[in-house]
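Enquirer: fold the following.
(one chain, ligands or ions: 1)
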Amino acid sequence: TWTMLNIAEEQIERVREQIGDSGLAICGLSGGVDSAVAAAIVQRAIGDRLHCVFVDHGLLREGEAEQVERDFVAATGVNLHVFDARETFLAALAGVTDPEEKRKIIGREFIRAFEAAEVQVLGEAAEHGDKVGFLVQGTLYPDVVESGGGAGTSNIKSHHNVGGLPEDLEFALVEPLRTLFKDEVRLVGEQLGLPAEMVWRQPFPGPGLGIRIIGEVTADRLDILRRADAIARQELTRAGLDRDIWQMPVVLLADVRSVGVQGDGRTYGHPVVIRPVTSEDAMTADWARLPYEVMERISTRITNEVEEINRVTLDITSKPPGTIEWE
Ligand code: XMP
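Expert: Have a look, this model is predicted:
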């Protein structure tokens, strides 16, 4: 629509003014809509002077890394640096089962990996004589309000202490979504031609599939969960329910086994839990009454196509008392 086009153009113009003719900017992409739209706006404003960084931690769902590396790049022409940190994350998570510990480890490794990536990207840019000065973030209006941030707070200094960078290097924040709500961000994303799967992606936690495996996170378990989750998402989309359902985590109970019968024989496989919820803001949620046919297709396909899984269960708990995620 006209208005959204105006919003996009206005933000692009603002970024152009803020960064000027010579600054460089860096932006981390998560696979989610906010960082993608923020990056797309800055790319329109300053082109190749924007360097995007994508750290692949191996905890994304099927197809999501490709959406960033291939589809987002194709749609925007953005300058992307990909860092494969999958092994590092798996090693750091080995043997860990406690949910809070998992979150801490994933958060810490993410910062480390992103900083290492930044050092490398900025180092390369500096070799070409470029002066880097801006860090792009996908902060939305509700975040700004929540943190009580008013005018002037966006020009904070000093990134964390990153070894290997010039000491006097200062980053100003560029926050092109600072005045927008989520639905406006999505419309701007569409306007800028971003892949629909990214623009309309349902909320997905930063720690990713790492907190949807109950028990230790391993490469095999991630692979099992990823396949089951992809089927559940496909069937939700096919039923036209993506926008009615707030989120539908698929959770792998990796330390639980139950007896089943599949094909010619007895199996001893894992259950998954399907957790479809409706919600306005994730503070409270209700378990979603999915149509029986949809549940049936999800169950049949997962047990047929993911041989490690022999049982599909449905979570019918609202929030409270259950949280949306299981960890
Ligand atoms: P819970 O499980 O607390 O989740 O009902 C509420 C919403 O927040 C998401 N979530 C997270 N998002 N980092 C995030 O970016 C996290 O660590 C995280 N934990 C939960 C969850 O998916 C739901 O939308």
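Enquirer: and the stretch 151-300 of the chain, which residues reach the ligand?
Expert: Proximity of the stretch 151-300 of the chain to the ligand, by Cβ under 6 Å from any ligand atom, involves residues Pro203, Pro205, Gly206, Pro207, Gln247, Ala282. For glycine as for every other residue, the C-beta is placed from the backbone atoms N, C-alpha and C.
Enquirer: show me which of those are buried.
Expert: Pro205, Pro207, Gln247 (16 or more other Cβ atoms under 10 Å).
Enquirer: correct me if wrong: the second one contacts Glu101.
Expert: Read it as Pro207. No - Pro207 is not in contact with Glu101 according to Cβ atoms under 8 Å; the separation is 11.1 Å.
Enquirer: any low-confidence regions in the protein?
Expert: Residue ranges of the chain with pLDDT under 70: 1-2, 4-5, 132, 148-170.
Enquirer: buried residues, the top strand by length along it. List them.
Expert: In the chain, assigned by DSSP state E, the strand with the most residues is strand 265-274. Going by neighbour count (16+ other Cβ under 10 Å), the buried part of strand 265-274 is Thr267, Gly269, His270, Pro271, Val272, Val273, Ile274.
Enquirer: centre of the chain to it, how far?
Expert: In terms of Cα atoms, centre = their mean, to the nearest Å, the centre of strand 265-274 is found 28 Å from the chain centre.
Enquirer: quick one: residues in contact with that strand.
Expert: With Cβ atoms under 8 Å, 6 or more residues apart in numbering as the test, strand 265-274 has contacts from 224-225, 228, 232, 248, 250-254, 256-262, 295, 298, 302, 307-315, 326.
Enquirer: stretch 68-79: which residues count as buried?
Expert: Val68, Glu69, Asp71, Phe72, Val73, Ala75, Thr76, Val78, Asn79.
Enquirer: may I have that stretch as PDB, with CA atoms only?
Expert: C-alpha atoms of stretch 68-79 as PDB (Å, rounded to 0.1, in the frame of the first residue of the first chain):
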ATOM      1  CA  VAL A  68      19.100 -16.200   4.800                       C
ATOM      2  CA  GLU A  69      22.000 -17.400   2.700                       C
ATOM      3  CA  ARG A  70      20.200 -17.800  -0.600                       C
ATOM      4  CA  ASP A  71      16.800 -16.200  -0.700                       C
ATOM      5  CA  PHE A  72      17.400 -13.100   1.400                       C
ATOM      6  CA  VAL A  73      20.600 -12.400  -0.500                       C
ATOM      7  CA  ALA A  74      18.800 -12.900  -3.800                       C
ATOM      8  CA  ALA A  75      16.000 -10.600  -2.800                       C
ATOM      9  CA  THR A  76      18.200  -7.800  -1.500                       C
ATOM     10  CA  GLY A  77      21.700  -8.200  -3.000                       C
ATOM     11  CA  VAL A  78      23.100  -7.700   0.400                       C
ATOM     12  CA  ASN A  79      26.700  -8.200   1.200                       C
END
